[in-house]
Each structure stands twice: as structure tokens, then as C-alpha cells.
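1. how would this look folded up:
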Amino acid sequence: MGRPRTPQAKAEVSGAATIHPGRFAGRKVTKRVRAVGEPYARMTDAQRLCWEEFRQELPWLNSGHRTILRMACILAARMDTDPDFGVQATQALSSILSKLGATPVDETKVNHAEEDDEDPADEFFKH
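-> The predicted model follows:
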């Protein structure tokens, strides 16, 4: 089984699109991608908190991720309150987080540059 494709938005945030432009050259990108938006109305307060946390920590998510993000929020909120949160639920949450690009391994691949950070290459591009 082949490796899953990195979403274009994630590749741009992580720098993979710049490092390996050939891998992303022929891809079609949705032009009208809406933001992930507000949580579903029927979500609990705990699930809404998870939604906001994911939305802030995973800036590449968009409206196409809403359903799977909802599943992640349901499981993440349940994990905090359910003493019987078992192995199967843990594996399901891990799988969903992996699909969203939110695992610890993916975290190291995404560059969340702070505004205060200076790029060392900037000195070469000054006029």
C-alpha cells in the first residue's frame, strides 16, 4: 500500500511544496476552499472546545474536513470523560488524527513559523 498523498495546503505550510516542487506540480487544487468554520450546532461544549483547539493547531483544515474533524472531536472529548475509553476508541482517534495530519510525527513535518522568528535567508533577499 502506497503512502497517502500530502494535501497541497499542508505541503505549503510544511515547506514540502517548496522543497519538492515536482511532486506538487501536476496537482489540481480546489480554488474555492472554505475555512473549516464553526462547530456543528449539536456538538457538546467539550466537543466544541476540541474543535477550536484543532482549528487553531491545524491551519490546513478546510470545509472538506468537517465530518472527520467532528469525529475527532467526539472521540477526543470522550477520552477526557469516559473511564472506559478503550483500545479500539484510542486506535480510532489515532487513525483520524493521522488522516488530519495531526499526529506527533506530522507535527515535526509542519513548520508553524512564529511572526517574531526571522528567516536566516532574509539577509540574502534584502535590497
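2. can we go C-alpha only for contacts and neighbour counts from here?
-> Will do.
3. Report the central residue of this structure.
-> For the chain, the residue nearest the mean C-alpha position is L58 (3.6 Å; CA atoms, centre = their mean).
4. isn't that one right up against K99?
-> No. Taking contacts as CA atoms under 8 Å, L58 lies outside contact range of K99: 11.9 Å.
5. follow-up on the earlier one: can you check the pLDDT for the residue nearest to the centre of the chain?
-> At L58, the pLDDT value in this model is 89.
6. contacting residues around it?
-> Each residue near L58 by CA atoms under 8 Å, 6 or more residues apart in numbering is listed here: G101, A102.
7. Next one: it relative to V87, how far apart?
-> 25 Å (CA to CA, to the nearest Å).
8. low-scoring stretches of this structure, by residue?
-> Where the chain drops to pLDDT under 70, the residues are 1-2, 28-32, 106-127.
9. Please, where are all the helices along it?
-> Along the chain, the stretches classed as helices by DSSP state H are 8-14, 16-19, 21-24, 45-57, 66-81, 87-99, 104-109, 122-125.
10. Kindly reformat the ones you listed as CSV containing distance to E38 and mean neighbour count.
-> Listed next are these as CSV, based on distance: least, CA to CA, whole Å; neighbours: other CA atoms under 10 Å:
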stretch, distance to E38, mean neighbour count
helix 8-14, 20, 18
helix 16-19, 29, 15
helix 21-24, 30, 13
helix 45-57, 8, 17
helix 66-81, 9, 18
helix 87-99, 19, 15
helix 104-109, 24, 12
helix 122-125, 37, 8
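11. now those helices in TSV, with distance to V36?
-> Formatted as TSV, those follow (distance: least, CA to CA, whole Å):
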stretch	distance to V36
helix 8-14	13
helix 16-19	22
helix 21-24	23
helix 45-57	7
helix 66-81	6
helix 87-99	15
helix 104-109	19
helix 122-125	32
